[in-house]
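Student: I'd like to go over a predicted model; first the sequence, then the structure.
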Amino acid sequence: SKCFSFFCLSHLAVLDASAIAVSDSAALTQQIVKLTRWRGGQPGDSVWLWRDHAAEVLGEGFVLWAPNIADPGSLVRDLFQSCYSVAAGAQKTSSTANVSEALVNIAALEPRLVLQLLSDEALSTSGDAVPGMAPFASNVAALNLLNQIVVTNSAALRNVLDEIARIVVSTMSPALPQLRKSCLEAVKRTIAAMTEAYPMVSFHKATQRLAVGLASSSIAIYDLNSARRLLTLRGHSSAVSAVSFGLDGLFVASYAAGEGTARCWHPKALNGHCHREFRIEFAERAWNVVRLSWTSSSGFQLVDSSLE
């Protein structure tokens, strides 16, 4: 009954922080963190049920609890390792989904905190030495979690797309062939999720180039073959709303709704030369979600993807 009352109070705090005294909030936080980090017993034990509830509450109200957590980064890392890291020697259980969902919810509230963890895990070159586990399993797990976050909370990550792209592309380093091989399928899935979720992300399979339109008004071009950022296209004066590689990969089209212009770029010419610029009529600028679609090797159009 005490645990039930505790979680009722915790959920109430998430719904209405003003309903809970500051001192109570601090005490609740400490208990939630303690339960979330609990590792004893066996899956199915009653304490595991409370641990799952604690992870759920932690994720839903992380902004509320964070000021009372001494080291949020360490807690997030513990959550990840309890689910995925073979370095922790833990196998997946029924509670994995609860903790994973907590990380997804935390990423929606504090994306940079979770991305720092995923960067560290995905780009670790130590490999995994636990018997019975595939090499670089925790790296792959980090990419899979990143994919889940993109699919679930794409809007929350709009301003950190460049960091997401950096993490994904860096795992493809030719200098680390085993890491590259281990992460390849997870990278494919994550890039597919990015291009599906964000009109301002485009991937050209033949050239292995990834274009990411940024809120800072520039466009980052990445190369998966060399695992590096090739160049940055600059010219727009507002956030880039959509990008798309041409059919042959030689050109990149971009659109910025804030300034009402579309541009065609030749990334290989003059270090990212803007080939042409087009003004966009108001009716098209008013569309909620715009994607770019190439109609030929030299022509493209804006598409209202809300009608798709």
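Tutor: Ah, there it is. Numbering: from 1, shown residues only.

Student: beta partners of Val212?
Tutor: Val201, Ala220 (DSSP bridges).

Student: What pLDDT is listed against it?
Tutor: pLDDT recorded at Val212 is 97.

Student: That one against Phe245, yeah?
Tutor: No - Val212 lies out of contact with Phe245 (C-beta atoms under 8 Å); the separation is 11.7 Å. For glycine as for every other residue, the C-beta is placed from the backbone atoms N, C-alpha and C.

Student: Break down the stretch 201-308 of the chain into its strands, ranges please.
Tutor: With DSSP state E, counting those that start in this stretch as the criterion, the stretch 201-308 of the chain has strands at 201-204, 209-213, 219-223, 228-233, 242-245, 252-256, 261-266, 273-279, 290-294, 300-304.

Student: Please convert these to JSON lines, extending it with mean neighbour count.
Tutor: Listed next are the strands of the stretch 201-308 of the chain as JSON lines, based on neighbours: other C-beta atoms under 10 Å:
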{"stretch": "strand 201-204", "mean neighbour count": "22"}
{"stretch": "strand 209-213", "mean neighbour count": "25"}
{"stretch": "strand 219-223", "mean neighbour count": "22"}
{"stretch": "strand 228-233", "mean neighbour count": "17"}
{"stretch": "strand 242-245", "mean neighbour count": "25"}
{"stretch": "strand 252-256", "mean neighbour count": "26"}
{"stretch": "strand 261-266", "mean neighbour count": "20"}
{"stretch": "strand 273-279", "mean neighbour count": "13"}
{"stretch": "strand 290-294", "mean neighbour count": "19"}
{"stretch": "strand 300-304", "mean neighbour count": "17"}
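
Student: Which one of the ones you listed has the poorest average confidence?
Tutor: strand 273-279 - the lowest mean pLDDT of the strands of the stretch 201-308 of the chain, at a mean of 81.

Student: Run through who's touching that one.
Tutor: Strand 273-279 has contacts (C-beta atoms under 8 Å, 6 or more residues apart in numbering) with 233, 235, 251, 260-266, 269.

Student: Render the CA-only coordinates of stretch 178-190 in PDB, please.
Tutor: Backbone C-alpha positions of stretch 178-190 (Å, rounded to 0.1, in the frame of the first residue of the first chain) are rendered in PDB as follows:
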ATOM      1  CA  GLN A 178      34.600  -4.400 -37.400                       C
ATOM      2  CA  LEU A 179      32.600  -1.500 -35.900                       C
ATOM      3  CA  ARG A 180      31.400  -0.600 -39.400                       C
ATOM      4  CA  LYS A 181      30.300  -4.100 -40.200                       C
ATOM      5  CA  SER A 182      28.600  -4.600 -36.900                       C
ATOM      6  CA  CYS A 183      26.600  -1.300 -37.100                       C
ATOM      7  CA  LEU A 184      25.800  -1.300 -40.800                       C
ATOM      8  CA  GLU A 185      22.200  -2.700 -40.600                       C
ATOM      9  CA  ALA A 186      21.400  -0.500 -37.600                       C
ATOM     10  CA  VAL A 187      22.700   2.500 -39.600                       C
ATOM     11  CA  LYS A 188      20.500   1.700 -42.500                       C
ATOM     12  CA  ARG A 189      17.500   1.500 -40.300                       C
ATOM     13  CA  THR A 190      18.300   4.800 -38.600                       C
END
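
Student: heads up, I number from 469, so please use that
Tutor: Will do, 469 is the new start, and the previous item becomes stretch 646-658.

Student: Any buried residues in that stretch, and which?
Tutor: Within stretch 646-658, the residues that count as buried by 16 or more other C-beta atoms under 10 Å are 647-648, 650-651, 654-658.

Student: of all those, which two lie farthest apart?
Tutor: Greatest spatial distance in the buried residues of stretch 646-658: Leu647 and Arg657, 16.4 Å, computed using C-beta to C-beta.

Student: Sticking with Gln498, tell me its helix or strand.
Tutor: helix 490-504 (DSSP states H and E).

Student: Determine how far that helix lies from the middle of the whole chain.
Tutor: 28 Å (C-alpha atoms, centre = their mean, to the nearest Å).

Student: quick one: low-confidence ranges for this structure?
Tutor: Under the criterion of pLDDT under 70, the regions of the chain flagged as low confidence span 469-491, 508-516, 552-563, 595-601, 736-740, 750-756, 774-776.

Student: which residues in it form helices?
Tutor: 470-483, 490-504, 514-528, 530-533, 540-551, 564-577, 579-590, 605-620, 629-638, 645-665, 750-753 (DSSP state H).
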